[in-house]
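Participant: Mind folding the following:
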Amino acid sequence: MDDRLAIVSVQVKRLQREVDNAEWDGDVRLAQLARELEHFKRLEKEGVIYEPKF
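Facilitator: Here you go, the predicted structure:
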């Protein structure tokens, strides 16, 4: 696997966990994490498997 590519489904799972934790902890990064999660969910819905990290 190329280190320059992110697997979209893995990112969705990771970000969902981070958003859940941020909500629970009152983390100030919640809005940014939620935007990033929505981006990856949209890619997943469109059938994108890999997303470049650069």
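
Participant: contacting residues for the residue nearest to residue 1 when sequence neighbours are not counted?
Facilitator: The shortest distance from residue 1 to any non-neighbouring residue, by Cβ to Cβ, 6 or more residues apart in numbering, is to residue 7 (7.9 Å). C-beta coordinates here come from the backbone N, C-alpha and C atoms, glycine included. Residues counted as contacts of residue 7 (Cβ atoms under 8 Å, 6 or more residues apart in numbering) are 1, 49, 50.

Participant: Residue 42: which of those residues is nearest?
Facilitator: Of all these, residue 42 sits closest to residue 49, with 13.7 Å by Cβ to Cβ.

Participant: And that closest one, how far from residue 9?
Facilitator: 8 Å (Cβ to Cβ, to the nearest Å).

Participant: try residue 43
Facilitator: According to Cβ to Cβ, residue 43 stands 10 Å off from residue 9.

Participant: Have a look at these two and say which one is more surrounded.
Facilitator: Counted by other Cβ atoms under 10 Å, residue 43 and residue 9 do not tie: residue 43 has more neighbours, with 18 against 13.
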